[in-house]
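Trainee: got a predicted structure here, sequence first:
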Amino acid sequence: MEFGLSIARFEPSSSDHCSALIRRSILASHQSFYSETEISVLIAEYSAEKLVQKASNRLVFVIRTEEKQILAIGSAKDHKIKAIYVDPNHFGKGLGSAMLAFLESQMSRDGHIFAELFSSLNSEQFYRRAGYDFIRWHNDTNGPAIVMQKKLPTKCLNP
Ligand SMILES: CC(C)(COP(=O)(O)OP(=O)(O)OC[C@H]1O[C@@H](n2cnc3c(N)ncnc32)[C@H](O)[C@@H]1OP(=O)(O)O)[C@@H](O)C(=O)NCCC(=O)NCCS
């Protein structure tokens with residue numbers, strides 16, 4: 001990750017900013033893969049209010065600059081990666097990978113053996129590069145998604 005960036009817990013005071021980042025991220029990435037209705041439903045799930053609700057029952061982290069500008073957000077619950085959204089001005093700079101590795105390390109630390117996620121169609125290759133395998137298709141009001149899994153490194157009990 002670039003010098004000067006750090007990973008921190010999401011704070012409700014940044015919910016408006018994070019909600020706007022997620023909206024931009026979805027609009028920049030989903031349009032060739034999803035209908036306008038599916039995109040609107042997904043964006044509505046990440047209103048500032050809903051983000052604060054989500055943060056009450058899952059781990060939510062941000063990547064931010066020294067000046068506290070948020071560039072990416074990611075969340076996980078139990079063994080599931082719930083979402084990763086990078087500011088589209090910063091796509092392709094390793095922020096998504098850094099957030100994914102961080103969430104996986106939290107899961108390993110908590111004793112989970114594998115990670116699971118619902119990949120949007122546009123991000124399948126990103127997750128494949130990170131070692132995730134196709135498990136099955138999933139369909140809901142957000143449109144089609146791909147359930148993917150990856151085995152996590154296990155803690156060494158007998159060094
Ligand atoms: C998908 C996403 C999280 C990736 O984050 P990122 O910071 O842009 O990705 P990285 O720079 O860490 O890329 C890691 C690798 O994945 C590849 N990659 C990233 N996004 C990709 C994409 N959409 N399609 C194909 N490859 C992709 C990169 O080329 C890179 O490959 P390399 O290691 O061979 O160089 C980000 O593009 C994003 O926020 N997309 C929109 C929101 C979204 O769909 N999130 C996932 C839903 S859960």
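Mentor: That came in fine, so what should we check first?

Trainee: which bits of the protein sit near the ligand?
Mentor: Within the chain, the positions lying close to the ligand (Cβ under 6 Å from any ligand atom) are 25, 29, 83-86, 91-97, 120, 122-123, 125-126, 129. Backbone N, C-alpha and C define where each C-beta goes, glycine included.

Trainee: residue in this structure nearest to the ligand?
Mentor: residue 96 (2.1 Å; Cβ to the nearest ligand atom).

Trainee: quick check: closest non-adjacent residue to that residue.
Mentor: Leaving aside its chain neighbours, residue 96 sits nearest to residue 86 (5.0 Å; criterion: Cβ to Cβ, 6 or more residues apart in numbering).

Trainee: who's in contact with that neighbour?
Mentor: Applying Cβ atoms under 8 Å, 6 or more residues apart in numbering to residue 86 gives the contacts 25, 71-72, 95-96, 99.

Trainee: in strands, which of those residues fall?
Mentor: 71-72 (DSSP state E).

Trainee: would you turn the contacts of residue 86 into CSV with neighbour count and pLDDT?
Mentor: Listed next are the contacts of residue 86 as CSV, based on neighbours: other Cβ atoms under 10 Å; pLDDT from 0 to 100:
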residue, neighbour count, pLDDT
25, 24, 98
71, 19, 98
72, 25, 98
95, 22, 98
96, 22, 98
99, 26, 98
